[in-house]
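Enquirer: I'd like to go over a predicted model; first the sequence, then the structure.
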Amino acid sequence: MKDESSVIRPSPDTPSSSSDEGGPGRETVVSDLSVAYYSVTSFAHPKTGAHKLASFQQASLLPERKLQGLLFPFTELEPYLAKTATSGQFQLFQPSVEDIARAEKLFSPSASHMIDYHTSAVRIDHAPSLPQPEVCFIGRSNVGKSSLIRALFSLAPEVEVRVSKTPGHTKKMNFFKVGKAFTLVDMPGYGYKAPQDFVEMVEPYLDTRKNLVRTFLLVDGNVGLQKADMVALEMCEEFRRPYVVVVTKIDKCRQGALLSSLLELQETLSKTAGCFPQPFLVSSVNFSGIYLLRTDFTFSCPLRNPFRSISTEILCSGTSCLVPGSDDGEVTRKSISIFMTVMVSLVMFAMGCNVEARKLWGHIRRPWGIAIGFLCQFGIMPFTAFALSLAFNVLPVQAIVIIIMGCCPGGSSSNIIAYWLDGDMDLSISMTTCSSVFAMGMMPLCLLIYTSVWIPADTIQIPYRSIGITLLSLLIPVGLGSLFKRNFPNVAKKMLLIGSILGVLFIIAITVVGAVQYQSSWTVSSSLWIIGAVYPALGFVLGFFMARFVGFPWHRCRTIALETGFQNSQLCSTIIQLSFTAEQLELTFAFPLIYRLFQLVVAGMFVGGYQIYKRRCKGSSSESDCQDVDDEKLPSKDKQKYALENGGFVCDENGKTGVKPKITQL
Ligand SMILES: Nc1nc2c(ncn2[C@@H]2O[C@H](COP(=O)(O)OP(=O)(O)OP(=O)(O)O)[C@@H](O)[C@H]2O)c(=O)[nH]1
Ligand SMILES: [Mg+2]
């Protein structure tokens, strides 16, 4: 545990006692927090009975400082943290005020969105089978589970959630339906006066409930994590359920005590795998943190795959949500997806116009290039990812995403760029193909080696189907292109030229569209940005030197460099969407996008540099390139031409570029 005296700034307000828990029955509000003087009674709406701060609209009328404290309770504690201590972990989830306001819709009842008690169950087999995602609240008896649910539902005061001063009041699992969006389950408490059948009731629920998407584990802010809480925490870890820790009754806490328990808590959470690293601070009395927690629901209810949100309109149309804005309806998304597939196929068809089956087969028969590529792809890249994650000390979930990126096979973009770098197109395509095939076995292996420090091996879902589709969408058009070239060499040459230009435009377009579509997720830690910028460049450089080290000619070194640095970032995005919760996505979703952006920027710089070099030193690069295009028994004249310049552009005597007429012989 950290030495708290070193992280809590001495303050006259910081009390020496660590707890003032009143125990059952005591409800006096003893708080230093500036918002603490709002009490339930003084703010109850005279007609509806709803708390006056139930609605964010009302709360937003408060003075700015008070409002900040209500929305983000940690801001009240921040000044008391020593300068050396980091507060970032407590402020990972920072939705915009607009998102907070929007989240309220989810908790506002209407004729089409009823919020109501549904049923109770004492055993898992009595639990209703409901299709909606489910969230549950667990914690010690009297920690404030039912009160928190009541506060969340305060916009629907007619919903009866029973609260009591007496511990062990809630005896059953109580199910509340929130429209068609989700079901919320109030659990009996564990520990003091827990129901006798607590274990038989709750354990199987947490273990087997299929639609359980989030568990909120409540911890009393006055006393921090207790032994019983540790057991619950370990249970969540064991069942591999995503969970969030909520610190309750913060209105009763003094800042010193609260900070101490928070720091201790943070220390524990940093060692967990399934817990969201940020604890949420709440008070069901003065509504601190309630709006933030409501907003978390809009992120956590579409959960496993936020791109398949329950109702984009209600839940996730905000700018800081991962779900694309409401304009991007299902139809638009499908159209974009079909358009992209057609475009990729066309471009790969054009690239295939530069491929000869004989040479491709040659690379597979004598797979030296592929072997080096394999070493770079599944040796250098995952290790570099691991090393970078450790060096930058990123969060475990971010480290896992960086490693997933490192374990991904190369994408088809590398083939397009290889063309512009006068790489060996046959090698490029055979490497992309082989790395996609090898990825089926190597990805799980590398992930097991490098991520098992943080998470159990089977947490990450590898979309074998997507890899298969990528393979097909590469091989079929390339095969057709190659056939086309054999029969219509002249037209194939033109196709290649058009395809190579279209390909570049296409890569730029999808990078820009991705960047704009998911603009909300760009706000991630600076270390992810630095890693995203450095990592592809490192991949290119290490791949290049590795290939050069074993004596490959320059054009193949360029090809292997590209295949190493270029990763199938789309595949990485798919994997993390399948494997991570919405909050984890918030922290990590940007990484594949950042990587994609920088791999393009770095590759663009290489292409630019290479093209300038080629023009300026006409002949010299090609001459040096052509030393060893010899592993196939081609006539020596063809050898030089074949792999050195992919035919679209060559220098004339004046250093100008144009379509090379002789290429048509290929
Ligand atoms: N001051 C303060 N008191 C709270 C807060 N939340 C709950 N309480 C009080 O704590 C007591 C227990 O609250 P409940 O919501 O019934 O607790 P529970 O976790 O559901 O308890 P069980 O159902 O017995 O497991 C009640 O007297 C509440 O008024 C809070 O945020 N601040
Ligand atoms: Mg209760």
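Expert: Received the coordinates, thanks. Ligands and ions are numbered 1, 2, ... in the order given.
Enquirer: for the protein, what lies in contact range of ligand 1?
Expert: Counting by CB under 6 Å from any ligand atom, the residues of the chain close to ligand 1 are 27, 29, 139, 141-147, 163-165, 167-170, 188-189, 248-249, 251-252, 283-285. (Each C-beta comes from the backbone N, C-alpha and C, glycine too.)
Enquirer: and those residues, which of them are in strands?
Expert: 139, 248 (DSSP state E).
Enquirer: among the residues of the chain next to ligand 1, which ones are buried?
Expert: Among the residues of the chain next to ligand 1, those classed as buried by 16 or more other CB atoms under 10 Å are 29, 139, 141-147, 167-170, 188-189, 248-249, 251-252, 283-285.
Enquirer: can you find the helix or strand in the chain with the smallest mean pLDDT?
Expert: With mean pLDDT, DSSP states H and E as the measure, the helix or strand of the chain carrying the lowest mean pLDDT is helix 312-315 (a mean of 28).
Enquirer: I'd like the next helix or strand past that one.
Expert: Scanning the chain past helix 312-315 towards its C-terminal end, the next helix or strand to appear is helix 330-352 (assignment: DSSP states H and E).
Enquirer: can you list the buried residues in that following helix?
Expert: Of the residues in helix 330-352, those scored as buried under the neighbour-count criterion (16+ other CB under 10 Å) are 343-352.
Enquirer: and which of those is nearest ligand 2?
Expert: V344 (54.3 Å; CB to the ion).
Enquirer: and the longest helix for the chain?
Expert: When the chain is parsed with DSSP state H, its longest helix is helix 489-517.
Enquirer: by contact count, what packs against that one?
Expert: When contacts are defined as 3 or more CB pairs under 8 Å, 6 or more residues apart in numbering; DSSP states H and E, helix 489-517 sits against helix 330-352, helix 413-420, helix 464-487, helix 590-616.
Enquirer: run the last query once more with 10 Å
Expert: helix 330-352, helix 413-420, helix 464-487, helix 569-579, helix 590-616 (3 or more CB pairs under 10 Å, 6 or more residues apart in numbering; DSSP states H and E).
Enquirer: so which of the ones you listed comes closest to Q91?
Expert: Of all the helices and strands packed on helix 489-517, the one in closest proximity to Q91, counting by CB to CB, is helix 590-616 (17.0 Å).
Enquirer: any idea how far S389 is from ligand 2?
Expert: S389 sits at a distance of 41 Å from ligand 2 (criterion: CB to the ion, to the nearest Å).
Enquirer: buried residues, the helix or strand that residue falls within. List them.
Expert: For S389, the element it lies in under DSSP H and E is helix 381-392. Burial within helix 381-392, assessed by neighbour count using 16+ other CB under 10 Å, is assigned to 381-386, 388-389, 392.
Enquirer: could you point out the helix or strand that follows it?
Expert: Next helix or strand after helix 381-392 toward the C-terminus (DSSP H and E): helix 396-407.
Enquirer: name the helices or strands packed onto that following helix?
Expert: In terms of contacts (3+ CB pairs under 10 Å, 6+ apart), helix 396-407 is packed against helix 381-392, helix 425-451, helix 526-549, helix 569-579, helix 582-588, helix 590-616.
Enquirer: where in the stretch 251-400 of the chain is pLDDT low?
Expert: Filtered on pLDDT under 70, the stretch 251-400 of the chain yields the residue ranges 299-334, 337.
Enquirer: from T183, how far off is L480?
Expert: Relative to T183, L480 is positioned 51 Å away (criterion: CB to CB, to the nearest Å).
Enquirer: just to revisit the earlier point, wait, which of the helices and strands packed on helix 396-407 is closest to P277?
Expert: Nearest to P277, of all those, is helix 582-588, at 8.1 Å by CB to CB.
Enquirer: partner strands of the longest strand along the chain and their direction?
Expert: Criterion DSSP E: the longest strand present in the chain is strand 212-220. With DSSP bridges as the criterion, the sheet partners recorded for strand 212-220 are strand 134-139 (parallel), strand 243-248 (parallel).
Enquirer: which other helices and strands contact the helix or strand following the last one?
Expert: Under the assignment DSSP H and E, the closest C-terminal helix or strand after strand 243-248 is helix 255-269. The contact analysis (3+ CB pairs under 10 Å, 6+ apart) places helix 255-269 against helix 4-7, helix 74-77, strand 212-220, helix 227-239, strand 243-248.
Enquirer: which of the ones you listed is buried the deepest?
Expert: Taking mean count of other CB atoms under 10 Å as the contact definition, the stretch among the helices and strands packed on helix 255-269 with the greatest mean neighbour count is strand 243-248, which reaches a mean of 26.
Enquirer: and that one with ligand 2, contact?
Expert: No. Against ligand 2, strand 243-248 shows no contacts by CB under 5 Å from the ion, the least distance being 11.7 Å.
Enquirer: and that strand, how far out from the chain's middle?
Expert: Relative to its parent chain, strand 243-248 has a centroid offset of 21 Å by CA atoms, centre = their mean, to the nearest Å.
Enquirer: now that strand: average pLDDT?
Expert: If you average the pLDDT over strand 243-248, you get 92.
Enquirer: and the angle for that strand with helix 255-269?
Expert: Here strand 243-248 points in a direction 170 degrees away from that of helix 255-269 (axes from the mean of the first three to the mean of the last three CA atoms, to 10 degrees).
Enquirer: which residue comes closest to the residue of the chain found nearest ligand 1 once chain neighbours are left out?
Expert: Of all residues in the chain, G189 sits closest to ligand 1, with a separation of 2.6 Å (CB to the nearest ligand atom). Take G189 and drop its neighbours on the chain: the residue closest to it by CB to CB, 6 or more residues apart in numbering is S141, 2.9 Å away.
Enquirer: cool, V231 as well?
Expert: In space, and not counting its chain neighbours, V231 is closest to Y190: 7.8 Å by CB to CB, 6+ apart.
Enquirer: hang on, isn't that neighbour packed against F198?
Expert: Yes. The pair Y190 and F198 qualifies as a contact (CB atoms under 10 Å) at a distance of 5.7 Å.
Enquirer: re earlier: buried deepest among the helices and strands packed on helix 489-517, which one?
Expert: The most buried stretch of those, if neighbours are counted by mean count of other CB under 10 Å, is helix 413-420, with a mean of 27.
Enquirer: so which elements touch it?
Expert: Under the contact criterion of 3+ CB pairs under 10 Å, 6+ apart, helix 413-420 touches helix 330-352, helix 425-451, helix 489-517, helix 554-565, helix 590-616.
Enquirer: buried set for the strand or helix carrying I372?
Expert: Element membership for I372 (DSSP H and E) is helix 368-375. When burial is assessed from 16+ other CB under 10 Å, helix 368-375 yields the following buried residues: 369-370, 372-375.
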